[in-house]
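[1] any chance you can model this:
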Amino acid sequence: MKTVLITGANKGIGFETAKQLLQKEFYVFLASRDLKKGKKAVEKLKLEGLTHVEVVQLDVTDENSVKTAREEIGKKITSLDVLINNAGVNGGSPYTALKSSSDQFMLAFNTNVFGVARVTQAFMDLLRKSPEPRIVNVSTSVGSLSLQSNPSWPAYDFAKYAVYGSSKAALNMYTIHLAYELRDTDFKVNAVCPGYTSTDFTFQNGGKVEIAGNRIVKYALIDKDGPTGTFFSEETNPETSEIPW
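    Numbers count the residues shown, from 1 in each chain. This next block holds a predicted model:
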């Protein structure tokens with residue numbers, strides 16, 4: 001049975017992704033910063049007959065929490081097949097470059113960038129022991145420098161979130177470097193935009209969470225001939241899904 005660790009998986013897109021991978025017979029480590037919320041999420045999945053799941057307390061902004069989660073999971077498995085770096089924050093309002101505080105930037109980068117690096121590095125040894133390791137970094141088209149600077153982009157005038165966009169652009173760069181460093185291995189590392197989705201993150205605005213989850217799952221399941229070091233957004237580019245950095 002393949003294994004997957006999903007950060008920030010107690011709700012929203014992370015929870016839906018966990019559900020879909022359970023349906024595909026994965027064993028899911030559902031990571032949640034709040035252990036109580038994580039336990040409730042696991043209970044909900046088990047009520048649906050999805051039993052190969054357990055919660056792990058993991059705060060991506062806390063080095064000790066990440067280390068403890070790695071030790072805990074390492075006692076139960078010898079390899080990890082998929083890592084989905086889903087945990088993220090938008091940094092809060094105000095969203096503009098001139099009014100956002102340094103604390104907002106620090107919060108967003110600590111979760112969306114530093115947190116991804118912490119978790120990825122902590123679990124790299126387990127991932128290397130998988131025959132087909134996959135890493136999916138949950139990004140957003142809002143983090144594309146090319147789109148953000150293109151007046152023809154449909155979202156040009158309203159997808160302007162300086163803190164969130166900056167942190168996701170940095171995440172995209174991390175993804176590029178990670179994929180490059182693992183280019184001669186069996187790893188596949190990609191950045192995936194799930195699209196504008198109705199969750200707490202978007203104040204319940206957007207599309208169906210099932211569609212978003214499916215977009216992430218697709219790249220967790222890619223075969224040996226699949227892409228690596230690529231940025232995908234089906235919402236932005238329905239034809240090929242690939243979008244510019």
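[2] residue 213 and residue 135: what is the separation?
    17 Å (C-beta to C-beta, to the nearest Å). For the C-beta atoms, the positions are set from N, CA and C on the backbone; glycine is no exception.
[3] can you pull the phi/psi pair for residue 84?
    phi -120, psi 110 (degrees, to the nearest 10).
[4] roughly how far apart are the residue nearest to the spatial centre of the chain and residue 183?
    Centroid check for the chain by C-alpha atoms, centre = their mean gives residue 86 as the closest residue, at 2.4 Å. Going from residue 86 to residue 183 by C-beta to C-beta gives 24 Å.
[5] give me the element residue 131 is part of.
    For residue 131, there is no enclosing helix or strand under DSSP states H and E.
[6] now the phi/psi pair for the closest residue to residue 218 other than its chain neighbours, please.
    In space, and not counting its chain neighbours, residue 218 is closest to residue 192: 8.0 Å by C-beta to C-beta, 6 or more residues apart in numbering. Per-residue torsions, residue 192: phi -130, psi 130 (degrees, to the nearest 10).
[7] for residue 34, give its distance to residue 148.
    In terms of C-beta to C-beta, residue 34 sits 32 Å off from residue 148.
[8] also residue 47?
    From residue 47 to residue 148 the distance is 42 Å (C-beta to C-beta).
[9] name the residue in these two with the higher neighbour count.
    residue 148 (18 against 8; other C-beta atoms under 10 Å).
[10] wouldn't that one be in contact with residue 140 here?
    No - between residue 148 and residue 140 there is no contact under C-beta atoms under 8 Å: 10.8 Å.
[11] what mean pLDDT does the longest helix along the chain get?
    Counting by DSSP state H, the longest helix found in the chain is helix 162-181. Helix 162-181 carries an average pLDDT of 98.
[12] go on, stretch 48-58?
    Averaged across stretch 48-58, pLDDT comes to 98.
[13] residues in contact with that stretch: which ones?
    1, 5, 7, 10, 18-19, 22-23, 25-33, 35, 38-39, 41-42, 45-46, 65-66, 68-69, 72-73, 119 (C-beta atoms under 8 Å, 6 or more residues apart in numbering).
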